[in-house]
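Q: Compute the structure for the input listed below.
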Amino acid sequence: ASVLPPPAGKATNGTGKSLSANAGDIFTNTTTGNLTVVYNVTPVSSLGCLGNALDITLTIQPEPAGLNTSKAPNCSDVPFSFDPQSDIPNGVSSTFSWVSIYPAGITGGSGSGTGPVAETLTNVTGGVLNATYTITPTSTTGSCLGNSFTMIVPIRPEPVGIADAATVCSDVAVNYNLINNVAVLGNNVGSTFTWSAVDNLSVTGENTALQAGGIITDVITNLTNIPQTVVYTVTPTAVTGCTGNTFTISVTVNPEPVGLTSSTVICTDVAVNYDLQNNVNTSGNNLAANFSWVAAPNANVSGERTVAQTGNIINDVLVNATNSPEVIVYTITPSSQTSGCLGNIFTISVTVNPRAKISAGLNLAQCEDTPSINLQGSATYAPNGVIWTGGLGGYSSATDPNAVYSFHSSEVDNTITFTLTALDPDGA
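A: Now for the predicted structure:
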């Protein structure tokens, strides 16, 4: 017989063979078209008589010849579809069936299929994993079965972040490290991040527009009197470009105490007795607080403490020896009793009024036949004036320190007590 060039096949040759002797002949055709095998047969009768020779031509249809390939890496959770026909170098149109093998760490595969190799595989490990597909081609003409070949699809990992929580004080940066979340809690795939916050109307400072970066840097202010939560949605993307599933970071923001800048007025030699907690309760956010306070020095006043003090009552006793009001300014730093969170500083301005400086003068004596007398009072400092009291007679002007007093008839041969009083809050 005429045969295809080795190793295309082997034909049965020889004499004295039965017609079925070539039934086991196998030929391989991996070309692009049909090939023929011609058997030259000479028949011989049982009596040894030769018949006319004849040729038997056998057409060998081509089988699809697949090529083992490794495809470009594909990201986790991203669909892929590869047509095995592109891996048939001899171009024989074919149909395909396939089975797959997945290493530990890959999920989502079907295990087998027909037609294109199309799957969506998940890799949440820390490295690239290979899915291996064994493909069996069958030609569409003649249904010739080709040898199985393999297709390897590398699956890049997606970064894995874990939902987590953090607690910060109001006015303190969140500083949550997303890189550390993936590195320690997740699968340690190098990543970049985008993140944004869900708006919480009770706080300010959270970014609700999409931000980029490995650190949540928002400085959130909570001026309520209870903790508030801000939830961030984070999308990780591996440095290879593979996007991971979103995860959340819930940030509890403890409140800061709120005090209001205010003022008060006292008299000299009197304790300030300003209640700082009452300021927070009535003018601020009613959050139980501790306080540190300190006074700015005033050279005209004594008693103010210029070294930081603690307590919710400013209890300095201030002395103003001048003849005009003086102001002491206290700077207050509040902190929450429950969380220690610092509030913004505020000031309390204390106006210290000086004590009035007046005198009724020396004791006087007057002859009984004189109807009146000039009083000898003085007022060195009495911004609201003075007033005389005492006696049954009358004053030319009770508000004049040097008023003329006219005696009543019943006051002859009697001692009269005159009192000069300042019309100021701290009296004479």
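
Q: ok, L47 - contacts?
A: Shown in contact with L47 (Cβ atoms under 8 Å, 6 or more residues apart in numbering): no residues. For the C-beta atoms, the positions are set from N, CA and C on the backbone; glycine is no exception.

Q: separation between it and S18?
A: 16 Å (Cβ to Cβ, to the nearest Å).

Q: do E256 as well
A: According to Cβ to Cβ, E256 stands 104 Å off from S18.

Q: So between these two, which is more surrounded?
A: E256 (26 against 7; other Cβ atoms under 10 Å).

Q: Look up which helix or strand the more buried one falls in, please.
A: Of the helices and strands defined by DSSP states H and E, none includes E256.

Q: go on, T248?
A: Going by DSSP H and E, T248 is in strand 247-254.

Q: Just give me how far that strand sits from the chain centre.
A: On the basis of Cα atoms, centre = their mean, to the nearest Å, strand 247-254 sits 6 Å off its chain's mean C-alpha point.

Q: For it, give the mean pLDDT please.
A: Strand 247-254 shows a mean pLDDT of 98.

Q: before we move on, what about stretch 286-297?
A: For stretch 286-297, the per-residue pLDDT averages 98.

Q: And stretch 211-225, by the same measure?
A: Mean predicted confidence for stretch 211-225 is 98.

Q: sorry, back to before: residues of the strand holding T248 that come out buried?
A: The neighbour-count check on strand 247-254 (16 or more other Cβ atoms under 10 Å) flags 247-249, 251, 253-254 as buried.

Q: do stretch 133-140 as well
A: 133, 135-139.

Q: residues near L423, how many?
A: L423: 14 neighbours (other Cβ under 10 Å).

Q: cool, and P159?
A: 31.

Q: Next: the one 5 residues further on.
A: Number of residues near D164 (other Cβ under 10 Å) recorded here: 17.

Q: Tell me if I'm right that it and V184 touch.
A: No: D164 is beyond contact range of V184, at 10.0 Å (criterion: Cβ atoms under 8 Å).

Q: Let me see the ranges of the helices in the stretch 101-250 of the chain.
A: 178-180 (DSSP state H, counting those that start in this stretch).

Q: so P73 touches P154, yeah?
A: Yes: assessed by Cβ under 8 Å, P73 is found in contact with P154 at 4.1 Å.

Q: residues in contact with G391?
A: 405, 407-408, 411, 416-418.

Q: any idea which element it lies in?
A: Going by DSSP H and E, G391 is not in any helix or strand.

Q: picking up where we left off before, could the buried residues of strand 247-254 go into TSV alongside distance to I345?
A: Output for those, formatted as TSV (distance: Cβ to Cβ, whole Å):
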residue	distance to I345
F247	38
T248	35
I249	30
V251	25
V253	20
N254	18
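
Q: Show the low-confidence segments of the stretch 101-250 of the chain, by residue range.
A: Residues of the stretch 101-250 of the chain meeting the criterion pLDDT under 70: none.

Q: Can you give the strand pairings for the strand holding T248, parallel or anti for each?
A: When pairs are called by DSSP bridges, strand 247-254 turns out to pair with strand 164-169 (parallel), strand 228-238 (antiparallel).

Q: now the first one, how far from the chain's geometric center?
A: Centroid separation for strand 164-169 versus its chain: 9 Å, with Cα atoms, centre = their mean.

Q: Also the longest one?
A: A distance of 6 Å separates the centroid of the chain from that of strand 228-238, by Cα atoms, centre = their mean.
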